[in-house]
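# one predicted model, sequence on top.
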Amino acid sequence: MSSAKRVPGALEILIAEDSPTQLQRLQVILERHAYRVTATANGRLALEAARRHRPALLVSDIVMPEMDGYELCRRVKEDPRLSGVPVILVTTLSDPQDVIRGLECRADNFILKPYEEEQLLRRIQFVLVNSQMRQSDQPGMGLEIVFGGQKHFITADRLQILNLLLSTYEAAMERNEELTATRDTLRETNLKLEDLTRDLEDRVLARTRELESSNEALRQAQQALIQQERLRALGQMASGIAHDINNAISPIALYTESMLEHESGLSAEGRARLVTIQRAIDDVAQTVGRMREFYRPQDLKRQRANVELNALAQQVIELTRARWSDQPQRRGVMIELKAELAPELPEIVGAEHEIRDAITNLIFNAVDASPDGGVITVRSSLLTRDAEDGITARSVLLEVSDSGIGMDEETRRRCLEPFFTTKGERGTGLGLAMVFGMAQRHGATLEIDSRPGRGTTIRLLFPVTSGATATTGRVPVLKVPVPGLRILVVDDDPVLRDSLSNTLREEGHRVTPAGGGQEGIELFRTAQQSTEPFDVVLTDLGMPHVDGRQVAAAVRAIAPRTPIILLTGWGQQTGAQHEVPEVSRVLGKPPRLRELRAALAELTAARDAD
């Protein structure tokens, strides 16, 4: 195949080039400068085209299929009709053998790849002019030379040899200029590279110092967190002790106050001793209160606010990056942390700092459970379910999972115990206990899935509520006359139950005691179906099997308008109404008779007003 574009009066140039791109470029350049062009794709087609129509010049690539440029040039020079056609070979000139082979085939000139348009045109004009000069120069008998251990027979005429050598020298000079420019560019690049290297070293040094500073800050923060966790664990124990002490002194407080008010025949000395006992009970109650302050569960109430769980999770991920990314990489371990956070999650109500600490502990535990690296995933979503009353309940799920070593059943069962740890001296055993405490204070559910070698997943389900809270605290200590009421007293502690019942009876009320939550619910249901329902329910919070919350819920389901008073030895904040929305009032232990009297008066008056 060949293509030709005829221009009357113009010199015709035959092109042999197997690259369509190079062929088109060469043809466009020549035609733009008024040459007629015949384009062929290899040496065989070019030879056929030359024999059909003798060109003024042949420009040929060297490496082509079927017939290369050397063979094409040789056949053209051997053809009597074509021997006078000048031949320019396009070459990379990467081997001295290229020159020898060019002389052997009697090529007239070289064009070095890659070439510029001006250089190409100048070389073509030079060859065309010199071809006229060679018409009178007769070729000699030939010359045999040895190059590279091989013999070569050169039959090119003197002008051909001179032109070829000059073109070779010119190509070499051009290549040398290119190499010189490249060397200068390389020198400049090396200087820039040295500057960049120094700058990079300075940056690495500065970054190393920043990391060292960050690591030190993280170490101090971890130490502070460990100390905080220990204090919280001690606070939990203190709160438990406070609960037991409150239960123990409640009967003493009730009987002392009742005797001081109702026993008119007391001697002065006896009354003084009872006052001393009452004062001592108040001192004990204050001491217990300070023990509860050590744990400070009331902070949750004071700091309750709407919390965006996704934003909080992202914040913790960034704050803990050094722990799950930088530190493992220094040991040659790679941990990938993925955040799969559902969009448009509703806000939850809680203490942001407590939830943040819990997520931090969960990520730290996941890192510790991945000593050889792995994947940690922090995931959030919105869950909905239909409750028994037909109302749709919504929960926000936060889940932290890892692909680490996992836990056996015994470890999983005990992992929430304070001071239980599998990390040896590195662990405090307080991280998950702290998470569990946070979940309880927020009314959240904590779930743990784990198997040895299969990783661990810990889920926190926070209820989605309106966030409204009610104020609690001691009621006014006024002595208010209350008509006789029918009161149900529910408490699993027989001493406290009897003291409450006796004290209320002395106040003129009819009291029915119940030794546990389930018994109290059954008594209330039976009385509600009779002609004498209970006017007030007084229940303890912490009871086995069925606690005060469940009692309150059952009472509300049976008789929604019945006042419910909740007694707790954990402190009023633990049993606050935002955690137990069914109760009417929360009173701390030891209960004061004046507080009970005022609460009964206020609640029954409010009920009667309705």
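Cool, got the structure. Please read all numbers here as calculations on a predicted model, not as lab measurements.

# domains of this structure: list them as residue ranges, please.
2-156, 207-301, 306-463, 486-609 (automatic domain parsing).

# neighbours of the closest residue to residue 308 other than its chain neighbours, just the number please.
Take residue 308 and drop its neighbours on the chain: the residue closest to it by Cβ to Cβ, 6 or more residues apart in numbering is residue 347, 5.7 Å away. Yep, even glycine has a C-beta here, placed from its N, CA and C like the rest. Counted with other Cβ atoms under 10 Å, residues neighbouring residue 347 total 17.

# contact partners for residue 347?
By Cβ atoms under 8 Å, 6 or more residues apart in numbering, the residues touching residue 347 are 306-309, 467.

# nearest to residue 202, of those residues?
residue 308 (40.0 Å; Cβ to Cβ).

# now that closest one: how far from residue 314?
Per Cβ to Cβ, to the nearest Å, residue 308 is found 9 Å from residue 314.

# joint contacts of those two?
By Cβ under 8 Å, 6+ apart, residue 308 and residue 314 have no common neighbours.

# quick one, which of the domains of the chain is nearest to residue 192?
Comparing these by Cβ to Cβ, domain 207-301 comes nearest, at 21.6 Å.

# give me the mean pLDDT for the closest one.
Per-region confidence: domain 207-301 scores 69 on mean pLDDT.

# repeat for stretch 384-400
Stretch 384-400 carries an average pLDDT of 77.

# re earlier: residue 186: which of the domains of the chain is closest?
Of the domains of the chain, nearest to residue 186 by Cβ to Cβ is domain 2-156, at 19.2 Å.

# now do the closest one: distance to the chain's middle.
Counting by Cα atoms, centre = their mean, to the nearest Å, domain 2-156 is centred 66 Å from the centre of its parent chain.

# repeat that for stretch 401-413.
Its chain's C-alpha centre and that of stretch 401-413 lie 22 Å apart, by Cα atoms, centre = their mean.

# which stretches of the stretch 351-500 of the chain form helices?
Using DSSP state H, counting those that start in this stretch, the helices of the stretch 351-500 of the chain run over 352-368, 409-414, 431-441, 494-506.

# report all helices and strands that the last one contacts.
Under the contact definition 3 or more Cβ pairs under 8 Å, 6 or more residues apart in numbering; DSSP states H and E, helix 494-506 sits against helix 158-262, strand 486-490, strand 510-514, strand 536-540, helix 593-609.

# what residues of that helix count as buried?
Using 16 or more other Cβ atoms under 10 Å as the test for burial, helix 494-506 gives 496-497, 499-504, 506.

# need the domains of the chain in CSV with distance to residue 200, can you?
CSV is the format used below for the domains of the chain (distance: least, Cβ to Cβ, whole Å):
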stretch, distance to residue 200
domain 2-156, 35
domain 207-301, 10
domain 306-463, 19
domain 486-609, 56
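
# so which of the ones you listed gets nearest residue 185?
Nearest of the domains of the chain (Cβ to Cβ): domain 2-156, 17.0 Å.

# output the contacting helices and strands for the biggest strand by length in the chain.
Using DSSP state E, we find that the single longest strand of the chain is strand 374-386. If contacts are counted by 3+ Cβ pairs under 8 Å, 6+ apart, strand 374-386 sits against helix 309-319, strand 335-341, helix 352-368, strand 392-402.

# got the contact list for it?
Residues from elsewhere that reach strand 374-386 (Cβ under 8 Å, 6+ apart): 309-310, 313, 317, 324, 335-342, 345-346, 359, 363, 366-367, 370, 392-404, 455, 461, 464.
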